[in-house]
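Asker: Give me the fold of what follows.
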Amino acid sequence: MRRILHEKSRKTGDELADAYAALLDVEFPKRYPSLKTIYNELSAKIHGAEKDDDQFEKSRNDIEKHFELLKNLPLKM
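Answerer: Here you go, the predicted structure:
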């Protein structure tokens, strides 16, 4: 998200995710979770020091699907 937003300043993951989400087509969230959702799910596990292989696989699949959908619903840059 930082690279896409060309963000150099210190921002939280939530701030980056909100700015990134503003670039998505309005139809995108109806079809698939945003990176903010994926980030929040992973963040909860990381901050809880929980090892969760199922969450890792779900997040990886969600991220791959996210970028697959971007081919049809590109970012509004």
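Asker: Any idea which helix or strand in this structure has the lowest mean pLDDT?
Answerer: None of the helices or strands of the chain scores lower by mean pLDDT, DSSP states H and E than helix 28-31, at a mean of 77.
Asker: which element follows that helix toward the C-terminus?
Answerer: As assigned by DSSP states H and E, the chain's next helix or strand after helix 28-31 is helix 35-47.
Asker: For that next one, which outside residues touch it?
Answerer: 1, 13-14, 17-18, 20-21, 51-52, 55, 58-59, 62-63, 66 (CB atoms under 8 Å, 6 or more residues apart in numbering). Just so you know, the C-beta spots here come from the backbone N, C-alpha and C atoms, and that holds for glycine as well.
Asker: now do stretch 15-33
Answerer: Against stretch 15-33 from outside (CB under 8 Å, 6+ apart): 1-2, 4-5, 7, 11, 34-36, 39-40, 62, 65-66, 69, 73-77.
Asker: if I averaged out where everything in this structure sits, which residue would be nearest that spot?
Answerer: Closest to where the C-alpha atoms of the chain average out (CA atoms, centre = their mean) is Leu35, at 1.2 Å.
Asker: returning to that earlier point: pull out the buried positions in the least confident helix or strand of the chain.
Answerer: Of all the residues in helix 28-31, those buried under the rule 16 or more other CB atoms under 10 Å are Phe28.
Asker: and stretch 43-63, how far apart are its ends?
Answerer: 14 Å (CA to CA, to the nearest Å).
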